[in-house]
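> just to be clear, the model below is a prediction. Sequence and coordinates:
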Amino acid sequence: MYRKGALVSISALAQLAAAGLYPGISKENHTCVLSDPILSCSEGADPSQVDTCCVETYGGLVLQTQYWNTYTGLESKGQLLPQYEWTIHGLWPDFCNGSYTQYCDLSRQYDPEPYPNTTNGEPDGTPVPPYKGEPIDRWFEPNGKTDVLEYMKKRWVGLGQPSWILWAHEYSKHATCFSTFQEECYTTIAYYRTLPSWGWLSAASIRPSNTTAYSLSSIQGALTQGFGELPFVGCGGPKYNETEAGRGSDDNGGTVLNEIWYYYHVYGASQRNQGVRVPAPDSFRTTCAKAKDAIWYYERTEGSEK
């Protein structure tokens, strides 16, 4: 399920491009130690009154998003999924009302397969040119980030493409739309490490199975118990009313669990990983079927885990 995402950038990314989101902003690396953190999407997060490098004023509703894929398509090349863990999709900056922007700074465009291929997703938008440079995973070792690279290889895994393409897409499309990530290094791993989706579901006896289906209410309950707020739960696969069990129903939700989005308002810069957990918007809490035992949380394909 694709909507959007956001990536880990290392110092090389920051060094290669200039800030572009706010014209005239200082190119210095703001330390932000002289001001108290301000909560995004609050009255205090006024871009005309604060240093936008120190307070998230652009994408103030922050989502840490995770995938449940059952294979990678590149198992023969050693690209495998982590056992007992969901994988990272990204860290996304929505506006406080839930809308969002994308590809905010084309000088930092490293996505070889941009989608959409314009900045607004429409034919009249600014074209997003495909990146044609070397794979960005080659930038980690020269910058002393091999530990980060190994973590990403294990837990930020692409589907049907090398993982670095997913990372480049997430950075270019979404990280460039944070006010606080104009030049600084950027990470989603810190958020991901506090969100053990597999463990929260497993604690409620919701585990991957090819023989047992689950109810959305049970999945939402387990995740809310762990996170403290209701996250978005995403499903793909056949619509329930397209299945034999749902024939004649008006329930057109998906039946294959594949994604979770956790929402935050953040204090200061998003890199601080300090924030307030908030519920998914009332208007967009799930794409899953609501019928009893209508959702499949499938086991990983044999040979796809390590």
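In hand now; what should we look at?

> just give me the residue right at the centre of this protein.
Centroid-nearest residue in the chain, with C-alpha atoms, centre = their mean: Gly90, separated by 2.2 Å.

> thought that one was touching Glu170?
Yes: the criterion here is C-beta atoms under 8 Å, and Gly90 meets it with Glu170 at 4.1 Å. Quick note: C-beta positions are derived from backbone N, CA and C, even for glycine.

> what residues does Thr194 make contact with?
Going by C-beta atoms under 8 Å, 6 or more residues apart in numbering, Thr194 touches Asn273.

> list phi and psi for it.
phi -100, psi 10 (degrees, to the nearest 10).

> what's the distance between it and Gly60?
19 Å (C-beta to C-beta, to the nearest Å).

> and for Tyr298?
Distance from Tyr298 to Gly60, by C-beta to C-beta: 35 Å.

> please say which of these two ends up with more neighbours.
Gly60 (23 against 16; other C-beta atoms under 10 Å).

> can you give me phi and psi for that one?
phi -80, psi -20.

> following element in sequence after the helix or strand bottoming out on mean pLDDT in the chain, please.
Taking mean pLDDT, DSSP states H and E as the measure, the chain has helix 11-16 as its least confident helix or strand, at a mean of 31. As assigned by DSSP states H and E, the chain's next helix or strand after helix 11-16 is strand 61-67.

> is the residue nearest to the centre of the chain in a helix, a strand, or coil?
strand (DSSP: H, G, I helix; E, B strand; the rest coil).

> strands of the protein, start to end?
61-67, 87-94, 232-239, 254-266, 275-278 (DSSP state E).

> for Lys132, which of these is the nearest?
strand 87-94 (22.5 Å; C-beta to C-beta).

> around Asp36, count how many other residues there are.
10.

> now render the strands of the chain as JSON lines, adding distance to Asp36 and mean pLDDT.
What follows is those, written out as JSON lines (distance: least, C-beta to C-beta, whole Å; pLDDT from 0 to 100):
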{"stretch": "strand 61-67", "distance to Asp36": "19", "mean pLDDT": "97"}
{"stretch": "strand 87-94", "distance to Asp36": "22", "mean pLDDT": "95"}
{"stretch": "strand 232-239", "distance to Asp36": "31", "mean pLDDT": "98"}
{"stretch": "strand 254-266", "distance to Asp36": "14", "mean pLDDT": "98"}
{"stretch": "strand 275-278", "distance to Asp36": "15", "mean pLDDT": "96"}
